[in-house]
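Asker: what shape does this take:
(one chain, ligands or ions: 1)
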Amino acid sequence: MLLRRTIPTFHPIIRLSVIHSNLEASALLVRHIKLFEALEISHGVLDLACGSGRNGRYLLSRGVPVVFADVDGDKLASLSMAEVPDSTMMTLWKVDFEQATESPLAGKTFDAIIVVNYLHRALIDSIKQAVKPGGLVLYETFTEQQRQFGRPSNANFLLKPQELKHWFEAWQTLHYEEQERVGPPSHVASLIARKPMTRCSLA
Ligand SMILES: C[S@@+](CC[C@H](N)C(=O)[O-])C[C@H]1O[C@@H](n2cnc3c(N)ncnc32)[C@H](O)[C@@H]1O
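Answerer: Below you'll find the predicted structure:
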C-alpha cells in the first residue's frame, strides 16, 4: 500500500486536513492538558503506538503539534483521513518500536511522549532519552491486576506494582496512580513526569 511504501523512516510524511474523531482521549490527558499546552514546542509530542490517534488528535485540537507513530500502516492510513484543525501540525510515522537492533527513537527528540495501552520494556530507556530536558512523559497502561478482567494477560504487557513509577524516579512526578477503572473494568497504572533540566537526570 502507498502508506507502507512511503513511510519508511521518521520524516514529515503526510500533512493532512480532514475529519473529527468521536473517540475519547485518555481522561488523564484531558485532565492534565494544560501541562502540554504550556510546553515550549520545538519538536512536537510523540503519540507512541498511537492506534486510532485519539490522544494525539486531542492534542492537535488544543493546538499542540503531534507525531503519530504506529507499526500498523492501516491505522495510520485511517488517521490520514482525520480532520485536524491545522494539517501542518500533524506528522505520521510508520515504525516498528520492537526492532531487535537500535531503537527507532535513538537520536530523536520530542517535547513530550505519550504512551497509552502499550508496553515494550526494552523501549523505556530510549523513551527517557528522547524527551527533551523539561519535557513530559505521560504513560498509562495495564498492571498485573488486569488479569482478573481478561486481556492482556501476558506478563510482557503488564506492569508490576510501582514499576512505572520506578522507571521515572529521577524525574519530577506530577501524577502517579495505580487503580481499577470501570466501564469496561480494567486496572491501570498512570504517570505524568517531567524530565529534569540537568544532564545528570538523563538516566
Ligand atoms: C491497544 S493499542 C493502543 C492505541 C493508543 N495508544 C490508544 O490508547 O488508543 C496498541 C497499539 O500499539 C501498536 N503497536 C503494537 N506493536 C507495535 C510496534 N512494535 N511498534 C509500533 N506500534 C506497535 C498497535 O498497532 C496498536 O495501534
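
Asker: using the three-state scheme, assign residue 137.
Answerer: With DSSP: H, G, I helix; E, B strand; the rest coil as the basis, residue 137 sits in strand.

Asker: separation between it and the ligand?
Answerer: When C-beta to the nearest ligand atom, to the nearest Å is applied, the distance between residue 137 and the ligand equals 14 Å. C-beta coordinates here come from the backbone N, C-alpha and C atoms, glycine included.

Asker: okay, and the beta partners of that residue?
Answerer: When bridges are called by DSSP bridges, residue 137 pairs up with residue 113, residue 193.

Asker: quick one: name the residues of this protein near the ligand.
Answerer: By the criterion of C-beta under 6 Å from any ligand atom, the positions of the chain lying close to the ligand are 49-52, 54, 70-72, 75, 95-98, 116-118.

Asker: so which of these wins on neighbours?
Answerer: Neighbour tally across the residues of the chain next to the ligand (other C-beta atoms under 10 Å): the maximum, 26 neighbours, falls on residue 50.

Asker: next, it: secondary structure please.
Answerer: Using three-state DSSP, the three-state assignment for residue 50 comes out as coil.

Asker: so the closest residue to it other than its chain neighbours, which of the three states?
Answerer: On the basis of C-beta to C-beta, 6 or more residues apart in numbering, the spatially nearest residue to residue 50 that is not a chain neighbour turns out to be residue 68, at 4.4 Å. Secondary structure assignment for residue 68 (three-state DSSP): strand.

Asker: ok, now which ones touch residue 68?
Answerer: Contact criterion C-beta atoms under 8 Å, 6 or more residues apart in numbering gives 47, 50, 53, 56, 76, 79, 90-93 as the residues in contact with residue 68.

Asker: keep only those of those residues that are in helices.
Answerer: Helix and strand membership here follows DSSP state H; of the contacts of residue 68, those in helices are 56, 76, 79.

Asker: I'd assumed residue 94 was in contact with the second one.
Answerer: Yes: if you go by C-beta atoms under 8 Å, residue 76 and residue 94 touch, sitting 5.6 Å apart.

Asker: quick one on the thing from earlier: out of the ones in helices among the contacts of residue 68, which are buried?
Answerer: Neighbour-count burial (16 or more other C-beta atoms under 10 Å) is assigned, among these, to 56, 76, 79.

Asker: least confident pick among the ones in helices among the contacts of residue 68?
Answerer: Note: of the ones in helices among the contacts of residue 68, the lowest pLDDT belongs to residue 79, at 90.

Asker: how about it: what's its closest non-neighbour residue?
Answerer: Among residues not flanking residue 79 along the chain, residue 53 sits closest, at 4.6 Å (C-beta to C-beta, 6+ apart).
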